[in-house]
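1. the following comprises the amino acid sequence and a computationally predicted model.
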Amino acid sequence: MTKIDVFAHVLPKDFYSHMQKIDDNLLVKNPYLQNDVLTNIRKRKTGLNSDVKQIISNVNLNPEDYSDAKTSTNLCRLANNELISMVQDNDIFVYAVAMLPMNSISESLKIIEDQVAKNSELIGVQLFTRALNKPITSDEYEPIFAKLSKLNIPVWLHPVFDETRNDNNIVFSWEYELTQVMYDFVKKGFFQRYPNLKIIVHHAGAMVSFFSQRIKYIMSPTEYNDFKKFYVDTAILGNSKALDLAVDFFGDDHVLFGTDAPFGIMPYGATNEIITAIDAMNISDTQRNMIFHDNFQNIINRNDGIN
């Protein structure tokens, strides 16, 4: 059975070229962009098992952080078209996840309607825990979630640093940011207002499964159950026991194989380590197949022949 990696990153070349024209200091500001597996697809294939296919999303490089609304909208459309072409031209990529210009909500809604909803290669949108240094749960961004729920289009939720803090670190801070925004989604009643909303949280749902009993006894029963509505990936660089906790809390139908490739373990990522960890989990073969393949097919509600 094909293993579908739902969270793998790329850097579309044309998009990156345009971004460099806006800021020629991107590599210094974002050293992770130097990983050539983001752009060198031939090299990427050499580090990937033949039974693994990837859902690609753009690496953390968001135009709204560098440009005005019109420019960022054009860049997102350019990147989304390039992602579509990457799926069409490379057999290791099965779908892509679109970018939105978060400094223009109206244009983001248009992109959802005329790029994401109308292109079979695009199956969702990638959003970040913060946009323009405001929580993604801020009121001004809510129309995006309303639209996505209406059209039954999933969200891929990726962390970013809160730039108002001076103690950020790559080991723990992103996990805190993911956990906090999950809390905000629940406290603000997003799942109550938008019952079709599907959010795939990177890094196994961060701290939530470990602290599930605190959630259960401190928050309301409705809020506790709303936490279980998140989907999570397996991108924690291994750790079978932690993944067992994720399945125990979120359910075997809400955990999806995801690796964060090509990051985590250079140069190709931790795909093999995460597969090994899933194979070592205390679950049945049926549950393991759900994580590797079936849950993804169910969340996008397609039977497209990927076996």
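-> Looks like it came in fine.

2. the lowest-mean-pLDDT helix or strand in the chain - contacts with which helices or strands?
-> Ranking every helix and strand in the chain by mean pLDDT, DSSP states H and E puts helix 26-29 at the bottom, with a mean of 89. Packing partners of helix 26-29 (3 or more Cβ pairs under 8 Å, 6 or more residues apart in numbering; DSSP states H and E): helix 13-22. (Each C-beta comes from the backbone N, C-alpha and C, glycine too.)

3. quick check: buried residues in the least confident helix or strand of the chain?
-> Neighbour counts over helix 26-29 (16 or more other Cβ atoms under 10 Å) mark no residue as buried.

4. so where do the strands sit in the chain?
-> 3-10, 52-58, 93-98, 122-128, 130-131, 134-135, 155-158, 199-201, 231-233, 255-256 (DSSP state E).

5. of those strands, which is nearest Asn168?
-> Set against Asn168 and scored by Cβ to Cβ, the strands of the chain come closest in strand 130-131, at 11.6 Å.

6. partner strands of that closest one, parallel or antiparallel?
-> strand 134-135 (antiparallel) (DSSP bridges).

7. contacts for the partner strand?
-> 129, 140-141, 180-181, 184 (Cβ atoms under 8 Å, 6 or more residues apart in numbering).

8. one more: stretch 187-195?
-> So stretch 187-195 is contacted by 137, 142, 145-146, 148-149, 185, 197, 222-223, 226, 229 (Cβ under 8 Å, 6+ apart).

9. now do 7 Å
-> For stretch 187-195, the surrounding residues in contact (Cβ atoms under 7 Å, 6 or more residues apart in numbering) are 137, 145-146, 149, 197, 223, 226, 229.

10. just stretch 241-257 next, same as before
-> Contacts of stretch 241-257 (Cβ under 7 Å, 6+ apart): 3-6, 200, 204-205, 208-210, 212, 228, 230-234, 236, 277-278, 281-283, 287, 290-292, 295-296.

11. about what we covered before: which ones among the contacts of stretch 187-195 are found in helices?
-> 145-146, 149, 223, 226 (DSSP state H).

12. can you list these in JSON lines and add distance to Gly258, pLDDT and neighbour count?
-> Listed next are the ones in helices among the contacts of stretch 187-195 as JSON lines, based on distance: Cβ to Cβ, whole Å; pLDDT from 0 to 100; neighbours: other Cβ atoms under 10 Å:
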{"residue": "Phe145", "distance to Gly258": "21", "pLDDT": "98", "neighbour count": "19"}
{"residue": "Ala146", "distance to Gly258": "26", "pLDDT": "98", "neighbour count": "14"}
{"residue": "Ser149", "distance to Gly258": "22", "pLDDT": "97", "neighbour count": "18"}
{"residue": "Glu223", "distance to Gly258": "25", "pLDDT": "98", "neighbour count": "17"}
{"residue": "Asp226", "distance to Gly258": "22", "pLDDT": "98", "neighbour count": "20"}
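
13. how about Lys70, nearest residue that isn't a chain neighbour?
-> Ser104 (7.9 Å; Cβ to Cβ, 6 or more residues apart in numbering).

14. biggest helix in the protein, by residue count?
-> For the chain, assigning by DSSP H, the longest helix comes out as helix 69-89.

15. hmm, who's touching that one?
-> So helix 69-89 is contacted by 10, 12, 14-15, 18, 56, 58, 63-64, 67, 93-96, 98-101, 103-104, 107, 111, 115, 119, 121-122 (Cβ under 7 Å, 6+ apart).
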